[in-house]
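Chemist: here are the coordinates; sequence isn't available:
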């Protein structure tokens, strides 16, 4: 098989004519498919319906310590909820604050708190001379970047490698600039590429020298139990333990939630850090809230019971998700493999596939998909300021459409990638 770069102009034009006919046929179907976000499918949501009935009328609604979960109080979460959420990331209950349903909300609050009140007694960021900066591994999670952009924080791109962020670049930057106050990380099945941080990367993050005493790693462990194949589970080092070993115990804010484990709108979020970090955070929380939804905390504990219960539930998710990933990956391999116009990483977990087209083609491909009735995440969204300098990265979200819809969307995607690539080559 020839790559597209090896084809003559005549061969490219002939292929283009055939692809345009296929594309027009897809457009004529007036489709309306949504692949824009990593939303659980209807089938996945149905897995958790018994979760709604676990606190029926007449059931005792007191925690293990006798706290009436219907009432005010317990700022940082009931004991058994802390134990459950801690177990998902191998933390201890005293390292946990339980929040509401959204870890993104907790991340936003954590950045806002640092701006207004500082970090464990440091100068509030708004009082500093100069612009606060964050390191942003790219491609990355668009909502992370939206938070820092919203607060006017300067974002610095750090390229991802197969082992996580390029640590040579990270170490050089944080050691030389005291205005670099944070770094976004999705360490397990990164969004969108599905990369798992290596042991060496995590140890280097824990031990690196930083110029800012109030530097924190925002460790978004969103996919800690989101395996696609439970026979081949990836495991990462405990970042909290590694930081303690390296003499930097307070370096990490870790975030985890059950948003894609039960219902995204009714999950449970937690922040994991040292007692000292948490004590500083609770000072602000006492003004912000009297406590979060303890009934939801109790519901989680009684439904899952423990980490093993969560993992058994996640196996059911994997049974629904893996065939969807296989459809996309198989269709791309069959239609695009060997043509020299695209690359992608085969993830073993998480919710996304990171796809790289030829340079300058991503926006064109996503626009063509939209014209054909398939909405995808906007090209550029995986970079700060929505600016992908190579215009090549596309985030594919296979979870929400039905299997039949996904098969069709994958076929259309292959056609769009081929067409955009041929047009790029012919214009060269």
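Modeler: That came through fine. Small disclaimer: the values here were computed from a predicted structure and weren't measured. Numbering: from 1, shown residues only.
Chemist: Run through the strands of the stretch 301-428 of the chain in chain order.
Modeler: Defined through DSSP state E, counting those that start in this stretch, the strands belonging to the stretch 301-428 of the chain, from first to last, are 342-344, 353-357, 374-376, 393-396.
Chemist: Please work out which of the ones you listed is packed deepest.
Modeler: Sort those by mean neighbour count, taking mean count of other C-beta atoms under 10 Å, and strand 393-396 sits at the top with a mean of 26. In short, each C-beta sits where N, CA and C put it, glycine included.
Chemist: which helices and strands does it pack with?
Modeler: Under the contact criterion of 3 or more C-beta pairs under 8 Å, 6 or more residues apart in numbering; DSSP states H and E, strand 393-396 touches strand 353-357, helix 362-371, strand 374-376.
Chemist: Any chance of a markdown table for these, columns mean pLDDT?
Modeler: Putting these into a markdown table (pLDDT from 0 to 100) gives the following:
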| stretch | mean pLDDT |
| --- | --- |
| strand 353-357 | 98 |
| helix 362-371 | 98 |
| strand 374-376 | 97 |
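Chemist: And residue 76, how far from residue 220?
Modeler: According to C-beta to C-beta, to the nearest Å, residue 76 stands 20 Å off from residue 220.
Chemist: and the two? which has more neighbours close in?
Modeler: Legend: neighbour count by other C-beta atoms under 10 Å for residue 76 and residue 220, higher for residue 220 (27 against 20).
Chemist: where does the more buried one sit relative to residue 189, distance-wise?
Modeler: If you go by C-beta to C-beta, the gap between residue 220 and residue 189 works out to 11 Å.
Chemist: Over to residue 121?
Modeler: For residue 121 relative to residue 189 (C-beta to C-beta), the value is 35 Å.
Chemist: same check, this time on residue 147
Modeler: 20 Å.
Chemist: for the chain, what spans make up the helices?
Modeler: Assignment of helices within the chain using DSSP state H yields the ranges 9-27, 42-46, 79-88, 103-117, 142-150, 167-176, 199-207, 239-245, 275-288, 294-304, 307-336, 362-371, 403-427.
Chemist: Could you dump the strands of the stretch 301-428 of the chain into a markdown table with distance to residue 70 added?
Modeler: As requested, the strands of the stretch 301-428 of the chain are arranged in a markdown table below (distance: least, C-beta to C-beta, whole Å):
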| stretch | distance to residue 70 |
| --- | --- |
| strand 342-344 | 49 |
| strand 353-357 | 43 |
| strand 374-376 | 41 |
| strand 393-396 | 41 |
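Chemist: And those: which comes nearest residue 230?
Modeler: Nearest to residue 230 among the strands of the stretch 301-428 of the chain is strand 353-357; the distance by C-beta to C-beta comes to 19.3 Å.
Chemist: Buried residues of stretch 384-403, list them for me.
Modeler: Applying a neighbour-count criterion of 16 or more other C-beta atoms under 10 Å, the buried positions in stretch 384-403 are 384, 388, 391-401.
Chemist: end-to-end on it?
Modeler: For stretch 384-403, the separation between the terminal residues is 32 Å (C-alpha to C-alpha, to the nearest Å).
Chemist: try stretch 329-346
Modeler: Terminal residues of stretch 329-346 lie 7 Å apart, using C-alpha to C-alpha.
Chemist: Contacts made by stretch 150-170 with the rest, please.
Modeler: Counting by C-beta atoms under 8 Å, 6 or more residues apart in numbering, the neighbours of stretch 150-170 from elsewhere in the structure are 111-112, 115, 131-140, 145, 148-149, 173, 180-183, 185, 187, 190, 193, 195-198, 200-202, 204-205, 208, 345, 383-385.
Chemist: mind listing what residue 294 touches?
Modeler: Contacts for residue 294 (C-beta under 8 Å, 6+ apart) come out as 63, 67, 69-70, 74, 77-78, 81.
Chemist: Scan the helices and strands of the protein for the one with the lowest mean pLDDT.
Modeler: strand 33-35 (a mean of 92; mean pLDDT, DSSP states H and E).
Chemist: other SSEs contacting it?
Modeler: Under the contact rule (3+ C-beta pairs under 8 Å, 6+ apart), strand 33-35 is packed against strand 374-376, helix 403-427.
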